[in-house]
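Participant: the following comprises the amino acid sequence and a computationally predicted model.
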Amino acid sequence: MSIVVFLFGCALFMSTLSEGLPFCAYRIYTLTERGKNSKTDNPISIKFHIDGSTSPWHNLDSDVNDRERQHWDRYIVPNSGNGHLTGVTVRNLKTDGWEIEAIYVKNLCTNRVYEFYCTGSCWVDSPAATTKFLPRSNTI
């Protein structure tokens with residue numbers, strides 16, 4: 001069973017636990033900005049801020065050409081706990097920067113969806129700004 005959610009005019013399919021995924025996992029959706037140099041091929045990682053604690057870093061990589069301009073990408077990482085996400089930090093350790101527009105995280109244990117929107121410049125790029133913290137914007 002899947003649920004269709006419309007974000008920025010694009011349909012995203014947010015699947016349920018019936019897909020045989022790990023019981024406790026996060027499904028992460030990232031949206032790359034539309035600017036000329038927004039995309040990157042660099043490895044990107046993310047950590048979660050959960051009710052005062054912080055998860056380890058998780059690599060965001062898929063078998064497709066991810067992080068292209070104005071494109072949604074989807075990843076699965078282990079769940080770091082069932083508390084409420086208060087923020088995420090994204091990391092890029094190489095010099096080809098990535099500009100983020102939004103990140104959505106669905107907790108597959110609780111079915112909560114957390115939204116993280118960028119305001120202003122939201123680049124992760126080494127050496128100038130290797131990490132970017134995004135506070136939670138909303139919870140669905």
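Facilitator: It's in.
Participant: quick one: strands adjacent to the longest strand belonging to the chain?
Facilitator: Longest strand in the chain, counting residues (DSSP state E): strand 98-107. Using DSSP bridges, the strands paired with strand 98-107 are strand 25-32 (antiparallel), strand 113-117 (antiparallel), strand 123-124 (antiparallel).
Participant: average pLDDT for it?
Facilitator: The average of the pLDDT scores along strand 98-107 is 96.
Participant: for the protein, which segments count as strands?
Facilitator: Counting by DSSP E, one finds strands in the chain at the ranges 2-7, 10-15, 25-32, 44-50, 53-54, 58-60, 72-78, 85-92, 98-107, 113-117, 123-124, 131-135, 138-139.
Participant: compare those and give me the one nearest residue 38.
Facilitator: With respect to residue 38, and counting by Cβ to Cβ, the nearest of the strands of the chain is strand 98-107 at 3.9 Å. For every residue, glycine as well, the C-beta is placed using N, CA and C.
Participant: now the closest one, how far from the centre of its chain.
Facilitator: 4 Å (Cα atoms, centre = their mean, to the nearest Å).
Participant: poorly predicted segments of this structure, please.
Facilitator: Applying pLDDT under 70 to the chain picks out residues 1-23.
Participant: and with 50 instead?
Facilitator: Residues of the chain meeting the criterion pLDDT under 50: 1-18, 22.
Participant: and the gap between residue 33 and residue 107?
Facilitator: Using Cβ to Cβ, to the nearest Å, we find residue 33 at a distance of 25 Å from residue 107.
Participant: looking at these two, which is more packed in?
Facilitator: Using other Cβ atoms under 10 Å as the criterion, residue 33 and residue 107 rank with residue 107 on top: 23 against 19.
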